[in-house]
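Engineer: Have a look at this fold, sequence not included:
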């Protein structure tokens, strides 16, 4: 959420920079690919260590188990948010883990309620 004009100018500047980067990459595909290869080669060890540690975290494992259970139909996703009783406008109802040691036990929320709940945990 933008608080003032300064925040708005910063977000506008970031967006312009992002679009400039996208356009440069489209015009210079070979140079962009070479640059990416060089970067990934240089940072390969860090990337592998990060991915290995992340793939074994409780959070990631709980998400994988839960997503698999939803995919095979073991758990059914509700059509509306049980908290606010509204149909989600943009995305599907999301599952929020209260405890990662219980991957199949989630609280179903729309993206708006999920965002509010996460803000409470952060603050």
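Structural biologist: Done, it's in. Every value quoted in this text rests on a predicted model; they were computed, and no experiment measured them.
Engineer: All the helices of the protein, residue numbers only.
Structural biologist: In the chain, the helices defined using DSSP state H lie at 5-27, 29-42, 44-55, 58-72, 111-122.
Engineer: Now for the closest residue to residue 58 other than its chain neighbours: which residues touch it?
Structural biologist: What sits nearest to residue 58 in space, not counting adjacent residues and going by Cβ to Cβ, 6 or more residues apart in numbering, is residue 100, at 4.1 Å. All C-beta atoms are positioned from the backbone trio N, CA, C, and that covers glycine. Residue 100 makes contact with 58, 59, 61, 62, according to Cβ atoms under 8 Å, 6 or more residues apart in numbering.
Engineer: The same query, at a cut-off of 10 Å, please.
Structural biologist: Counting by Cβ atoms under 10 Å, 6 or more residues apart in numbering, residue 100 touches 57, 58, 59, 60, 61, 62, 63, 65, 66.
Engineer: Residue 53 too?
Structural biologist: By Cβ under 10 Å, 6+ apart, the contact set of residue 53 is residue 60.
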